[in-house]
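> sequence below, structure please.
(chains A and B)
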Number of protein chains: 2
Amino acid sequence: MSGNILSNPIDLKRIRITDAFWKKEIELVRDTVVPYQWEALNDRVPDAQPSYCMHNFKVAGNINRKEEQETDYVRPVYTVNGFCVWPDDPGKPEERFYGFVFQDSDFAKWIEAVAYILQQYPDQKLEKVADEAIDIVCKAQQPDGYLDTFYIINDMSKRFTNLRDHHELYCLGHLIEGAVAYYEATGKDRLLQAACRYADCVAEYMGSGTHQLHGYPGHEIAEMALARLYEVTGQEKYRDLGLYFINERGKRPYYFDGEDHGAIDQSVALRYHYHQAHLPVREQTEAVGHAVRAVYLYSGMADFARLTQDDSLKAACERLWEDIVQRKMYITGGIGGTHIGESFSFAYDLPNDTAYAETCASIGMMFFARRMLEMNPVSQYADVMERELYNIVPGGMGLEGTSFFYVNPLEVVPEACHKDERKAHVKPVRQKWFGCACCPPNLARLIGSIGTYVFTETKDTVWVHLYIGSHMEKQLRISTAQIDVESGFPWDGHVKLHVACDTAETFTIALRIPGWCRTYRIKGLENAVTEEKNGYLYITKAWKSECLELEFLMEVQVLDADARVREDIGKAAVMRGPVVYCLEEADNGKELHLLKMDEDAVFEMEQKEIAGESVIALRAEGWRQKKAQNTTLYYPHRRTEYERTTLTWIPYYTWANRGEGEMQVWTRI
Amino acid sequence: MSGNILSNPIDLKRIRITDAFWKKEIELVRDTVVPYQWEALNDRVPDAQPSYCMHNFKVAGNINRKEEQETDYVRPVYTVNGFCVWPDDPGKPEERFYGFVFQDSDFAKWIEAVAYILQQYPDQKLEKVADEAIDIVCKAQQPDGYLDTFYIINDMSKRFTNLRDHHELYCLGHLIEGAVAYYEATGKDRLLQAACRYADCVAEYMGSGTHQLHGYPGHEIAEMALARLYEVTGQEKYRDLGLYFINERGKRPYYFDGEDHGAIDQSVALRYHYHQAHLPVREQTEAVGHAVRAVYLYSGMADFARLTQDDSLKAACERLWEDIVQRKMYITGGIGGTHIGESFSFAYDLPNDTAYAETCASIGMMFFARRMLEMNPVSQYADVMERELYNIVPGGMGLEGTSFFYVNPLEVVPEACHKDERKAHVKPVRQKWFGCACCPPNLARLIGSIGTYVFTETKDTVWVHLYIGSHMEKQLRISTAQIDVESGFPWDGHVKLHVACDTAETFTIALRIPGWCRTYRIKGLENAVTEEKNGYLYITKAWKSECLELEFLMEVQVLDADARVREDIGKAAVMRGPVVYCLEEADNGKELHLLKMDEDAVFEMEQKEIAGESVIALRAEGWRQKKAQNTTLYYPHRRTEYERTTLTWIPYYTWANRGEGEMQVWTRI
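Take a look at the predicted model:
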């Protein structure tokens, strides 16, 4: 690939997170989220929708053993929007598959989070629970490697017949991700072998051969997972399968057209734009369809662009990135403007109150962004990672770690959520668990692996993409460098970088200059050669024992949206550093739409406790529209009057932690 | 009923519309709409969805004749959202029922419009077509009077088993309305007899008797129709049946709970709020559910409040009226804030771009308003009639008379209609016909009967509710008064009232002072006793040959919405007299959301041709927001800059007559 710098993320083993903000989040995942999710996977959380995930694996495992005696264990089944629905006859309910067709992936995401936790915090008890879970999962695997409980339980003869709507390849992808992580964390390869066998089984069925299915995933993820499996195992067949999926996608005639999707499932088709299968990937210029699927696909495309040095694939990634970031991304980093198909809406259509902005889609943006960085260290990619990390990602989870947002709106009036069915998808408070529980375990695996987003490296360069307090070790040609990042992010812009080498050795550290930062200062550059390029400050010197001190001036910024964003016209949003702020009813009273910012507002910072979380809130004098003394719904216009009021903004990610109330990010100015 | 003045509308025979605005509309109905709709009812409009209405009557009529030989003519059928769906087996397709379960009502609305036209413009050819249509309809009637083709064709044993979702009583109501009108127009009672027999059949099945069904309509209209049938025939059984429906509605346990709605139809239940059957009608305080059903019910309630002198029923009507008009009505007169269930949303939730505001619901508001006026002449009721009449009603139909809006949004960006499935119900241009074609024939019957909304009367008082040019005759004690209204409405506020009596006789004329009018002048009050009460100027004198000259000052008004209407905050709308104005792309370019009104705007009137219609447009200097030179989607706020531009408003009812483009009623100020 011409003119690119390829760099690699750092193995979690080589990094230790020391950051005040993220250590707490990781420990929350370790202490609360992972155990809570294990209970959820086993249907033991009171008042929450059951997952049925482990139930299904157990049922599938029993079928395997039974099949040694009897082989006709086949059941009728149909699905509505991917949810398994049974005919009225109860049969043997304890032996049925329950839940969504992709329920297996709940385990895979959980085991992946467990792996990241174990890599950082060895825990024999947790590892034992995980090993036992793996045992249950592996027992469900078929002799030929097939491993998807929906079809194992229901009807093996139907497998791979509905790649568009059912999630066998999605489950494969998550299984690989979890298995690789667990192998890397523990060295145990039982699950990795299972994942390889399932991948082998798929590779047997799918590919360019005459007798093979020329199919590809309806819900992408297998692409990036196979790239990872290839990198871990070195086996080219996995690279080839992933690349086959990438290259086959969107070709005419459409593969999905030849499948049987059943009468009931036709309605979810929304054409193949929904699946990003409307065009071959290299011809795609607009981010369309289901937002999570989209960014998972683009992540896989970026992996294969890098692995195969494919400029046309890279160019497609860049176009799609640009389309999202410049036309379809909320200021919070949320993507997916419409709940219909959980999809991107058209360019600049970013409604605040009916936003979808699924938590998983923002996690997918992190995947996509880091892969773009691996191909080319340009700071805009890391800027987006940071935007996701301090807004949607922590906001997707309650501060207590046991409640979750699937949808992340930018404006909420609880009455509308309760009474207006157009906003039925928008919840004014976080929910305990979801039947379609993709987001909570996705958050756990993302937060657990946060260390892999902080740096990338080549032999002689380390890029610092995120200012997250951490320690890492880098093997140089002669020496080993111990690199420590101390950071006040996201509350202040002070960063210290300690570098200690056994013996002085020359290499380069590239520090990202955040896109939001207009002024920064740096101390400790003596004897260094520096160059600013693509948003990074490259510092080359012979490092021995040094301390760089950085200060990124973290001003409050009042921001406008492009005038084509109709929903934000006449409004502004407030950020400080990477943190997006919002107004909440708890601080500002009801009817937030009556509030108005002052053009010349002076912001004060205030240390504030929100549900035990210490954050920096912002205060500024603003205005509240006075209500007219009208007695009718419509009345002659008078120049609008306002009264002085103090507006208090809190970090977006902390909203809805103090009960139910109004919230808004964009305020009139 | 205490302290009320009951008055009656005027028989269409006694009135002749001479009004420039409305005569044209009525002639459009006569010359274009009625013939076009006859073609539509017979599935002869190219490129439009077939109606199947007359087809179904013919099939049902054939079944009757066949049944003399064979009696087992029963077919399996199920419905999805009221639409008849057939199993795969084709059977005898030519003998099937097609379309919605309420398809019969298309004929009834058409014959009603025909009747009003015939009453004003005798036309033997049209009458012959109508008589032949009536012949087809009457042949479908069953020996016991039953007359609903859906069940006659499909399965008579299932009739009256799903009052909630199927529309037998709705079809009865429309049949009565059409039959009464046709009888009044022509003196022919064949259809009236058929309607009476169907009402008798229903009265046999339904009522308080032990062996009767204690049911009531899922879609209301039979209530007001039965009141009308009672008034025409004098038969108390029709009054009793209508009153039974009113009184039974919403009682616990819910009648609908005991019905079989089938598995597929459960999803449309939306609880009984949708049907206004959640509470007994006298306990209802909020307008909820399907907006058309709601106002049809309230109209029936008003009829029976008047007929039975029931104060508690009248009070319920007043509360529900108030709730609509003060909290749930668009400035255009549109009602129904959400397409989900075609329903009222919660108080003050009046989104402009996803509005439903069904044409039929505004027609229903006309029914409700006139009935409230009949009970009590208070000008606010007539104000609402006028708002509907100059905005939604004429806007519901293209200026050419052959295209129609079902949904009447207040803001349209065509790209959003095409690409955003949340706005799939919002059409940027009028459609030729609808499978669910309630609105076009409803418009025809409303416009055809416009004369009945202009006046009401008692023995010695005539109320002029609407300034629509017309001639009417009133029989006094001794003399006959010829009353002529000449009016410049809606373009100017000049009105002349000529009164001529054979011999001078004292009576009262009450002239409505429009709610939008801040100043009026009147000439010709010599020797009169005048009193202003409830928005009317009562003029009592001995009339001989007089001319009153009125001038209602028709200023341009800039209007605000109550601050609780979130969607209109910071915005204003423009009206002149009863006409709501809007900005359209054809005059103002794209991106209407960038436009801003000037607080001190001076409006100029401009005579303008829109698709052949001569209207008064308004022009004022305003502002267009300058686009910032931003290169990113979000960027640091700068004080917004505007450039001067001329804004041109056109009457709302004329929008979308010049091709597809943006439109908005509420503009930033």
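
> now the top strand by length along chain A: buried residues?
Using DSSP state E, we find that the single longest strand of chain A is strand A:494-512. Across strand A:494-512, burial judged by 16 or more other C-beta atoms under 10 Å in any protein chain shown covers A:495, A:496, A:497, A:499, A:501, A:505, A:507, A:508, A:509, A:510, A:511, A:512. In short, each C-beta sits where N, CA and C put it, glycine included.

> export these to a markdown table and tack on distance to residue A:650 and pLDDT?
A markdown table is the format used below for these (distance: C-beta to C-beta, whole Å; pLDDT from 0 to 100):
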| residue | distance to residue A:650 | pLDDT |
| --- | --- | --- |
| A:495 | 24 | 98 |
| A:496 | 28 | 98 |
| A:497 | 30 | 98 |
| A:499 | 36 | 97 |
| A:501 | 43 | 96 |
| A:505 | 46 | 96 |
| A:507 | 41 | 97 |
| A:508 | 39 | 97 |
| A:509 | 35 | 98 |
| A:510 | 34 | 98 |
| A:511 | 30 | 98 |
| A:512 | 26 | 98 |
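
> closest one to chain B out of those residues, please.
Among those, residue A:512 lies closest to chain B (C-beta to the nearest C-beta), at 16.9 Å.

> tell me the bridge partners for that closest one.
Beta-bridge pairing for residue A:512 (DSSP bridges): residue A:536.

> before we move on, what about residue A:547?
residue A:498.

> that one reaches residue A:500, doesn't it?
No. Assessed by C-beta atoms under 8 Å, residue A:547 is found out of contact with residue A:500, at 9.5 Å.

> distance of residue A:618 from chain B?
Counting by C-beta to the nearest C-beta, to the nearest Å, the separation of residue A:618 from chain B is 15 Å.

> mind listing what the helix or strand in which that residue is found pairs with, with the direction of each?
If you go by DSSP states H and E, residue A:618 is part of strand A:613-625. For strand A:613-625, the paired strands and their directions (DSSP bridges) are strand A:595-597 (antiparallel), strand A:604-610 (antiparallel), strand A:642-651 (antiparallel).

> quick one: is the helix or strand that that strand is followed by near chain B?
Downstream of strand A:613-625, the first helix or strand assigned by DSSP H and E is strand A:634-636. Yes. Strand A:634-636 lies within reach of chain B by C-beta under 8 Å from any C-beta of the partner chain, at A:634, A:635, A:636.

> in strand A:634-636, what's buried?
A:634, A:636.

> and the residue nearest to residue A:439 when sequence neighbours are not counted, how close does it get to residue A:405?
Excluding the flanking residues, the one nearest residue A:439 by C-beta to C-beta, 6 or more residues apart in numbering or on different chains is residue A:359, at 4.1 Å. Here residue A:359 is placed at a distance of 6 Å from residue A:405 (C-beta to C-beta, to the nearest Å).

> identify the contacts common to these two.
A:396, A:439 (C-beta atoms under 8 Å, 6 or more residues apart in numbering or on different chains).

> counting contacts, what elements does the helix or strand residue A:532 falls within pack onto?
Following DSSP H and E, one finds residue A:532 within strand A:529-533. Applying 3 or more C-beta pairs under 8 Å, 6 or more residues apart in numbering or on different chains; DSSP states H and E, one finds that strand A:529-533 contacts strand A:536-552.

> now the strand it packs on - C-alpha only, PDB.
In PDB, the C-alpha atoms belonging to strand A:536-552 read as follows (Å, rounded to 0.1, in the frame of the first residue of the first chain):
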ATOM      1  CA  TYR A 536       0.900  13.600  15.700                       C
ATOM      2  CA  LEU A 537       4.000  15.100  17.200                       C
ATOM      3  CA  TYR A 538       6.800  12.700  16.300                       C
ATOM      4  CA  ILE A 539       9.600  12.900  18.900                       C
ATOM      5  CA  THR A 540      12.800  11.100  18.000                       C
ATOM      6  CA  LYS A 541      15.700  11.000  20.400                       C
ATOM      7  CA  ALA A 542      17.900   8.700  22.400                       C
ATOM      8  CA  TRP A 543      15.700   7.900  25.300                       C
ATOM      9  CA  LYS A 544      17.300   7.000  28.600                       C
ATOM     10  CA  SER A 545      15.300   8.200  31.500                       C
ATOM     11  CA  GLU A 546      13.100  11.100  30.600                       C
ATOM     12  CA  CYS A 547       9.800  12.700  31.500                       C
ATOM     13  CA  LEU A 548       7.800  14.600  28.900                       C
ATOM     14  CA  GLU A 549       5.200  17.000  30.300                       C
ATOM     15  CA  LEU A 550       2.300  17.800  28.100                       C
ATOM     16  CA  GLU A 551      -0.500  20.200  28.600                       C
ATOM     17  CA  PHE A 552      -3.400  20.100  26.200                       C
END
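
> I'd like the next helix or strand past that strand.
strand A:556-561.

> residue A:217 against residue A:245, yeah?
Yes. In terms of C-beta under 8 Å, residue A:217 counts as a neighbour of residue A:245; the distance is 6.2 Å.

> what is in contact with these two at once?
In contact with both residue A:217 and residue A:245: A:169, A:223, using C-beta under 8 Å, 6+ apart.

> what is the burial count for residue A:669?
Counted with other C-beta atoms under 10 Å in any protein chain shown, residues neighbouring residue A:669 total 19.
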